[in-house]
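Enquirer: sequence unknown, structure follows:
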């Protein structure tokens, strides 16, 4: 006799039920990776923290591969930096900004630091060439973050005022990466 097979479809937790939209994550990631392209302010309408959480875990993991156990510093600096930049943006913009939006932008713009810390696993960033590389990556992060902030909050002409505190924040992550 032939055997009869029964296919039961098990329902998994759908991505949309979890609140994860991979198209938005991909769009925000591409915006960060190409800082010369103008940012679409509407990408911040949906605040998600999946990408930033993954990038902060990836930064901690790449630091761990380099022999630096700095998970607490990564999360602590992220939280304090988000609070500070949230306060600054609320003082500077006429429209209020949510904490989730600030955390999302700063977290997505952490991606170049993940790339830098992954490079630090294989080569030392101490020296002249390493310092120049670190400065380029800090500029990349802060340019991407300030570009997204000015487009999302309609703050034309204030990019340098926003880029400076972002550069200070990402400079702390770069210090963790180098030393």
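Expert: Okay, I see it. Keep in mind the model is a prediction, meaning the values are calculated, not measured. Numbers count the residues shown, from 1 in each chain.

Enquirer: Burial check on residue 91, number of neighbours?
Expert: The criterion is other CB atoms under 10 Å. On that basis, residue 91 has 7 neighbouring residues. Every residue, glycine included, has its C-beta placed from N, CA and C.

Enquirer: Report the secondary structure element holding it.
Expert: Residue 91 is part of helix 71-92, with elements assigned from DSSP states H and E.

Enquirer: Packing partners of that helix?
Expert: For helix 71-92, the packing partners by 3 or more CB pairs under 8 Å, 6 or more residues apart in numbering; DSSP states H and E come out as helix 50-65, helix 99-108, helix 159-178.

Enquirer: Can you list the buried residues in the longest one?
Expert: Taking 16 or more other CB atoms under 10 Å as the neighbour-count basis, helix 159-178 is seen to contain the buried residues 159, 162-163, 165-167, 169-174, 176-178.

Enquirer: With the second one instead?
Expert: Applying a neighbour-count criterion of 16+ other CB under 10 Å, one finds 100, 101, 102, 103, 104, 105, 106, 107, 108 buried in helix 99-108.

Enquirer: for the residues you listed, which one is nearest residue 58?
Expert: The closest of the buried residues of helix 99-108 to residue 58 turns out to be residue 107 (CB to CB; 10.8 Å).

Enquirer: Am I right that the closest one is in contact with residue 75?
Expert: No. Taking CB atoms under 8 Å as the contact criterion, residue 107 and residue 75 are not neighbours in contact, 11.1 Å apart.
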